[in-house]
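*Asks:* let's see this in three dimensions:
(one chain, ligands or ions: 1)
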Amino acid sequence: MKQLFRCTLAVIFAAAASGQPQTPLRVNGQRIGDHLRALSRFGANPQGGVSRVAYSEGDLQGRAYAITLMKEAGLAVHIDEAGNIVGTRPGSDPALKPLLLGSHIDSVPMGGNYDGDVGSLSAIEVAQVLNERQITLRHPLEVILFQNEEGGTIGSQALGEGLTNAQLDLVSQSGKTIREGTRLLGGNPDRIAAARQQPGSIAGYFELHIEQGGRLDREKIDIGVVEGIVGILHSDVTVEGFANHAGATPMDERHDALLSAARFIEKVNQVVTSIPGTQVGTVGWLKVEPGAYNVIPGKVVLGLEVRDLSEEKFVGLFHRIQSEAETLGKLNQTRFSFTEPVVVHPSLTDAGMRKLIDETARSLGFSTKSMASGAGHDAQEIARIAPVGMIFIPSIGGISHAPKEFSRPQDIENGANVLLQSTLDFDRR
Ligand SMILES: [Zn+2]
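*Replies:* Next up, the predicted model:
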């Protein structure tokens, strides 16, 4: 705060010295806070958060409210074929591709009031400030609120790699298929391919988002500069032993699949933490057969997941886990087998945009930290077709996807100011 004050003063003095007594260009933090509170009414749950799942009544109401704000900010609003809300503002150089700012306003069931909403309303605030100051950027500006982020980054995927028919037939949290939901939002699932953007057709995409983890809060850092969105590897692991009488089989004659699985879970933790870095590994579910008090478990199937920004690293960890499992199996007289791993590739942000965000944030007096995002975001889909930059602000206590999710008004204002200045700096390049 002190740093920010000093910096703001410097800007005012500099402006005064040059004979232009203009106040520096800043977002209106109070206004963003008011909009966040107003948006939180739609799909509100009794616990103080929102259950604004895509295609629900709350989602439709929230979108209608956001469209009002976008129009007030001087944006020309339309719904694209994928059901995304797009607000455009013309630029001065017709040769330039559009610069996109965006996020989402749908939530998980029993979600909070900040995930997606902070970035969406801040993007609208940037347009509002430009409108009030009558600033025309060189690039056309597009504020985009992607539909159904929480159900699998649907709206942003429609712009990026496109959606398959099978995806359109998936049933979403609302009970409607994505095809039905897209139509309900004003999109056209029959022409959804028209929403796809060619690589190179977007100048850049900025997304402001809450961290959803606790690192910025714990380390008292103002702004996270996102290096990328981590990749994920899944595999189902089967441990086969021999089901036998739990009373009559001596301890040294058992082929206990669950005991082996327990040792495996411990081993996953050891392997993942054996090297430096922010990689994570989890066994998130377990099925035990036959599952009775008096029978030694004969078979266990469990879900293994490993995540990191480097695919080479998480694939390497997976192979080490496999070889440890083989050793464990021999020791415990059980047999381990793994299904072919399912991999979601990591998505990296653009080095130039990272540098720009970092320099912009520091020039505003904020502390910064480079970090990976462990959670998925719309930015990961846009990164497949355009350079993206992502800005994180602290999540208090690292709580997210829950009604207790919270980010301080000052942190939100800081993030929105970084978004505004990054937009201006990007446009000047
Ligand atoms: Zn989100």
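
*Asks:* would you confirm that Lys267 contacts Gln322?
*Replies:* No: Lys267 lies out of contact with Gln322 (CB atoms under 8 Å); the separation is 10.7 Å. Placement of C-beta: from N, CA and C, glycine included.

*Asks:* confidence score at the closest residue to Glu150 other than its chain neighbours?
*Replies:* Of all residues not flanking Glu150 in the chain, Val108 sits nearest, at 4.9 Å (CB to CB, 6 or more residues apart in numbering). Val108 is assigned 95 on the pLDDT scale.

*Asks:* surely Val108 is in a strand?
*Replies:* No: counting by DSSP: H, G, I helix; E, B strand; the rest coil, Val108 is not part of a strand but coil.

*Asks:* helix or strand: which one has Asn131?
*Replies:* helix 117-132 (DSSP states H and E).

*Asks:* buried residues of that helix, list them for me.
*Replies:* 117-130 (16 or more other CB atoms under 10 Å).

*Asks:* now stretch 248-259
*Replies:* Buried residues in stretch 248-259, counted by 16+ other CB under 10 Å: Thr249, Arg254, His255, Asp256, Ala257, Leu258, Leu259.

*Asks:* reformat the residues you listed as a markdown table; add pLDDT, distance to the ion and secondary structure.
*Replies:* Output for the buried residues of stretch 248-259, formatted as a markdown table (pLDDT from 0 to 100; distance: CB to the ion, whole Å; DSSP: H, G, I helix; E, B strand; the rest coil):
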| residue | pLDDT | distance to the ion | secondary structure |
| --- | --- | --- | --- |
| Thr249 | 95 | 50 | coil |
| Arg254 | 96 | 47 | coil |
| His255 | 97 | 45 | strand |
| Asp256 | 97 | 42 | coil |
| Ala257 | 98 | 38 | helix |
| Leu258 | 98 | 37 | helix |
| Leu259 | 97 | 40 | helix |
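
*Asks:* one step back: would you convert the buried residues of helix 117-132 into CSV that also reports pLDDT and distance to Ala402?
*Replies:* Conversion of the buried residues of helix 117-132 to CSV gives the following (pLDDT from 0 to 100; distance: CB to CB, whole Å):
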residue, pLDDT, distance to Ala402
Asp117, 98, 14
Val118, 98, 15
Gly119, 98, 18
Ser120, 98, 19
Leu121, 98, 20
Ser122, 98, 22
Ala123, 98, 24
Ile124, 98, 25
Glu125, 98, 25
Val126, 98, 28
Ala127, 98, 30
Gln128, 98, 30
Val129, 98, 31
Leu130, 98, 34
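
*Asks:* what does the chain put close to the ion?
*Replies:* Asp115, Gly116 (CB under 5 Å from the ion).

*Asks:* picking that back up, show me what the helix holding Asn131 is packed against.
*Replies:* Judged by 3 or more CB pairs under 8 Å, 6 or more residues apart in numbering; DSSP states H and E, helix 117-132 is in contact with helix 29-39, helix 57-72, strand 85-89, strand 99-104, strand 141-146, strand 204-210, helix 409-428.
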